[in-house]
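Undergrad: Compute the structure for the input listed below.
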Amino acid sequence: MQRAQRNSLRLLQWMMAASLALPVALFVITSAISYTSTRDIADREIERTLDVVHEHALKVFETIDRSLAELNEVVRGLPDDVIRAREPALHRRLRRLTDSLPQLKSAWIFDADGKALVNSLASPPPELRFADRDYFYAHVDQTIGSFIGTALTPRPPYQGARFFGVSRRRDPDDGSFIGVIQASVLPEYFESFYARIGSDAGSFFTMGRTDGVLLAHFPRLDRDLRLDPTGPVGREIAAHPEHGLITVAWPSDGIERRIGYRRVAEYPIYVSAGLETSAIRARWLATMGQHLVFGIPATALLFLLLALALRRTQHLQAEAAKRREAEEALKHSQRLEALGQLTGGVAHDFNNLLTVIRASVDLLNRPQLTEERRQRYITAIADAVARAAKLTSQLLAFARRQTLKPEVFDVGERMQALHDMLAPLLGPAIEITMRLPTEPCLVHADAGQFETALINMATNARDAMQGKGRIVFTVEAATTVPDTLAHAPGSQNLVSQSLGNQNLGNRGFISVTVSDTGIGIPAARLERIFEPFFTTKQVGHGTGLGLSQVFGFARQSGGEVTVTSEVGHGSTFALYLPRVPPDLLPQRQAPNTAPAVAGSGMSVLLVEDNIELANFAADGLTELGYSITLVDNATDALAELVMDADRFDVVFTDVVMPGMTGLDLAQAIRDRGIDVPVVLTTGYSQALSQEGVTGFELVQKPYSIEELSRVLHRAARIRRVRDGAAE
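TA: Residues are numbered from 1 along each chain as shown. The predicted structure follows:
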């Protein structure tokens, strides 16, 4: 027994020694693993941040390039004296450009001597020469494309922040040097962006040219800095010119940093992102400090427990039971924590899906994308959408809104098809009678909205009969029409315009009547039944929106709805819709999957105030061979047409824009007798919903480039045929 007790005591002593030695050994091993892990995490963080910085710089320079190209197109072929004569208008255009792009300080158009013809800062510009600026003389002797200059200080009388120039040669017809188009870019725009994303301690960002001249630096410097090509940074970039990751003491302050760099596409620009190595070590020390905070008390507690076990062996069993209870409580807490993590993971996964979609779309817009990468990004989008659909299907089902899609259809056929659906909807105690014509009764309207209107009128009749009675549906050519239609010739015009300005003549209306044997409607209520939210039903049994939908659908379709009723003898609702010729029915079968139509040099004036959408449409049409002139407002578009309308084959304009709308622009073109077809586009417009497209082509947003090319080609073809050109 004593030997057993001594063995137990010796075992406890060894355990007490191990309780100190083992945590120390584990701490040393964990420290080494943690340091490597912390550095790997920092490298991945630097790479992710570098992705953001690179994508930001690429988009900024691409936007500036496109803006310079558009300015070049605006003044292409214009002599300097003409540009000076149009200086006020061009100044306003440059001012709008710089106001819309926060990275720009100013925009300039110079003549061959370096004098400013137009700028965005002053109108007229002072008589100063800028031929000594690098952004000017770099273009004098040769065509080099876009040039990115060094950081410069504004020349009096101009003031403000420092800038660097992005410039390109003005394109003449004979290849001679006639001047430069230049945009002054603010380094502080990039530095402010770096400050926003570089919130971690020790964050570091630079943007510089391939020759080592730095254009932006965070933390900001109070002096210019140029890296030595023979220095450690220069040698690393020379060895790996596209991208790399290095640890280096930065020349400006001697602080050691872990830095990743990457070249910005084809531009002579590098961006870099990094962290101070001291900040990385501080993260590691903080992690190890957390281990110590928990490890030291745990080790001390274990040692104390062993000491107590050595002295009080009689309580070992009780102490073991208590520990088991503590472990069970810990497991229970861990299970609750896991449940919380799972709940948070669902939200996290959903945001990840959105991030995959957004990142894939951004990457698909990258130039020179390989087919394998393009297919990988498309597959990623499709998979993410499918997974997100499973999470959001219920919400989408409740949130879905129907879009108006007018089409030509036979009212009689549509009513016959509705019969089987109306029977279970109205109930077995209601007799349904349909009186349909033998000849086609065609209308041009939204078929889904038409069915909804019929169902609303039928359910209203059912409620009036308290679920028992007879409803008669009648479709026929209207022999008489309400006074509102008899004195409103615009109803037929609305349908005519929406069908492509065809001459429909006076073909009358189709009437669809719904008669019931219900209790009827008192005369005092007849004037209010079409008001939104007006209902005589009990709370919770009706919204009062059904008949107002019928009213809105009828008016929007160029028709009318009327009601006659006698208390105790039922009511009759009559829906009038403009009739269209039978030969228009096949037009609704036109396929929507036809291929894109090549532009073959067709000139399009594109008017869109949303720069991202405008660039999407312009890029897509340009790839198909269309010649695009892009303006961001209707006023400038009208000025372009007044100046020279013959250089455009078609005008493609958004409807909803600040100031003059696209519909106003189209009407102004028609009123001035400018012989250029107009194609409108919109996602929703109150004006169009009330007045229709008034004879103009309409492309509904969202649209595809294929669909847009077909409509533009069709509209422009009408003009060429009218002008006598061969197709």
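
Undergrad: The host helix or strand of residue 572 pairs with which strands, and in what direction?
TA: Secondary structure assignment for residue 572, by DSSP states H and E: strand 570-578. Neighbouring strands of strand 570-578 in its sheet, by DSSP bridges, are strand 509-516 (antiparallel), strand 560-566 (antiparallel).

Undergrad: how about the CA coordinates for that strand, as CSV?
TA: What follows is strand 570-578 as a C-alpha-only set of coordinates in CSV (Å, rounded to 0.1, in the frame of the first residue of the first chain):
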residue,chain,number,x,y,z
GLY,A,570,-76.6,43.3,-61.4
SER,A,571,-73.9,45.2,-63.1
THR,A,572,-72.1,45.2,-66.5
PHE,A,573,-68.5,46.2,-66.9
ALA,A,574,-67.4,47.0,-70.5
LEU,A,575,-63.6,47.1,-71.4
TYR,A,576,-62.9,48.8,-74.8
LEU,A,577,-59.6,48.2,-76.5
PRO,A,578,-58.5,49.6,-80.0
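
Undergrad: show me where the stretch 251-400 of the chain has strands.
TA: 256-263, 269-276 (DSSP state E, counting those that start in this stretch).

Undergrad: Tell me which of these sits most buried.
TA: Among the strands of the stretch 251-400 of the chain, strand 269-276 has the highest mean neighbour count (mean count of other C-beta atoms under 10 Å), at a mean of 24. C-beta: built from backbone N, CA, C; applies to glycine.

Undergrad: and the angle for that one with strand 256-263?
TA: For strand 269-276 against strand 256-263, the angle by axes from the mean of the first three to the mean of the last three C-alpha atoms, to 10 degrees is 160 degrees.

Undergrad: just to revisit the earlier point, mean pLDDT, distance to residue 639 and mean neighbour count added to the strands paired with strand 570-578, as a markdown table?
TA: Converted to a markdown table, the strands paired with strand 570-578 look like this (pLDDT from 0 to 100; distance: least, C-beta to C-beta, whole Å; neighbours: other C-beta atoms under 10 Å):
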| stretch | mean pLDDT | distance to residue 639 | mean neighbour count |
| --- | --- | --- | --- |
| strand 509-516 | 91 | 43 | 23 |
| strand 560-566 | 88 | 42 | 18 |
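
Undergrad: want to throw those strands into CSV with distance to residue 428?
TA: Output for the strands paired with strand 570-578, formatted as CSV (distance: least, C-beta to C-beta, whole Å):
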stretch, distance to residue 428
strand 509-516, 16
strand 560-566, 25
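
Undergrad: For the residue nearest to residue 380 when sequence neighbours are not counted, which residues are in contact?
TA: Of all residues not flanking residue 380 in the chain, residue 360 sits nearest, at 4.9 Å (C-beta to C-beta, 6 or more residues apart in numbering). Taking C-beta atoms under 8 Å, 6 or more residues apart in numbering, we find residue 360 in contact with 377-378, 380-381, 384.

Undergrad: ok, now residue 40?
TA: Residues near residue 40 by C-beta under 8 Å, 6+ apart: none.

Undergrad: And the pLDDT at it?
TA: Predicted confidence (pLDDT) at residue 40: the value is 93.

Undergrad: what is the orientation angle of the helix or strand encompassing residue 148 with strand 269-276?
TA: Using DSSP H and E, residue 148 sits in strand 147-152. Orientation of strand 147-152 against strand 269-276 (the same axes, to 10 degrees) gives an angle of 50 degrees.

Undergrad: ranges for the strands of the stretch 51-200 of the chain?
TA: 104-110, 116-119, 147-152, 163-169, 180-185.

Undergrad: can you redo these as a markdown table with mean neighbour count?
TA: Listed next are those as a markdown table, based on neighbours: other C-beta atoms under 10 Å:
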| stretch | mean neighbour count |
| --- | --- |
| strand 104-110 | 25 |
| strand 116-119 | 24 |
| strand 147-152 | 18 |
| strand 163-169 | 23 |
| strand 180-185 | 27 |
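
Undergrad: Throw those into JSON lines and include distance to residue 653, thanks.
TA: Listed next are the strands of the stretch 51-200 of the chain as JSON lines, based on distance: least, C-beta to C-beta, whole Å:
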{"stretch": "strand 104-110", "distance to residue 653": "24"}
{"stretch": "strand 116-119", "distance to residue 653": "26"}
{"stretch": "strand 147-152", "distance to residue 653": "34"}
{"stretch": "strand 163-169", "distance to residue 653": "28"}
{"stretch": "strand 180-185", "distance to residue 653": "26"}
